[in-house]
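A.B. asks: 3D model of this:
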Amino acid sequence: MSYRQLLTPEEKLADVKKLLSLPHIVVICGSTRFMTEMNEADLRETKDGKIVVKPGIDMKSPHERCSDAVEAQALKVRLAGLHRAKIRLADEVLVVGDYIGDSTRAEIAYARSLGKPVRFTHPDVDPDA
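C.D. replies: Residues are numbered from 1 along each chain as shown. Have a look, this model is predicted:
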């Protein structure tokens with residue numbers, strides 16, 4: 001007698017995306033100092049028919065929610081968790097910019113640990129190249 005293997009959450013998500021006929025989903029990662037480049041990448045990827053998700057808040061720019069240091073740090077932690085969820089949802093990662101900081105390096109490692117393909121606008125910054 002054979003038993004049906006249970007699907008992993010990632011396999012279930014892939015099946016649901018197929019059932020819904022969702023377009024390819026790309027998440028943009030990188031330092032928020034490259035927000036202009038992220039917006040340009042968003043335009044290109046969207047024009048190519050992809051669903052694009054990217055950071056929603058630029059923590060490097062002044063913002064009323066980031067004026068208090070304690071609140072800003074708490075927000076940064078929440079945003080990091082949210083961005084990891086975006087990586088889990090995506091089919092691939094696009095890293096924007098010619099600099100890779102600690103946060104982006106961790107996002108790349110996380111995406112690769114999930115088996116997600118990772119592309120770079122500047123391939124020479126790939127930490128695993």
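A.B. asks: Contacts for the longest helix seen in the chain, please.
C.D. replies: Determined from DSSP state H, the single longest helix within the chain is helix 69-89. Outside helix 69-89, the residues within contact range by CB atoms under 8 Å, 6 or more residues apart in numbering are 10, 13, 25, 27, 29, 53-57, 59, 65-66, 93, 103, 107, 110-111, 114, 116. (C-beta placed from N, C-alpha, C; glycine too.)
A.B. asks: State the helix or strand in which Asp15 lies.
C.D. replies: helix 9-19 (DSSP states H and E).
A.B. asks: Which strands or helices does that helix pack on?
C.D. replies: helix 69-89 (3 or more CB pairs under 8 Å, 6 or more residues apart in numbering; DSSP states H and E).
A.B. asks: that older thread, contacting residues around the helix holding Asp15?
C.D. replies: Against helix 9-19 from outside (CB under 8 Å, 6+ apart): 7, 25, 88-89, 91, 114-115.
A.B. asks: Please, where are all the helices along this protein?
C.D. replies: Going by DSSP H, the chain shows helices at 9-19, 35-47, 69-89, 102-113.
A.B. asks: Could you work out which of the ones you listed reaches nearest to Phe120?
C.D. replies: helix 102-113 (9.0 Å; CB to CB).
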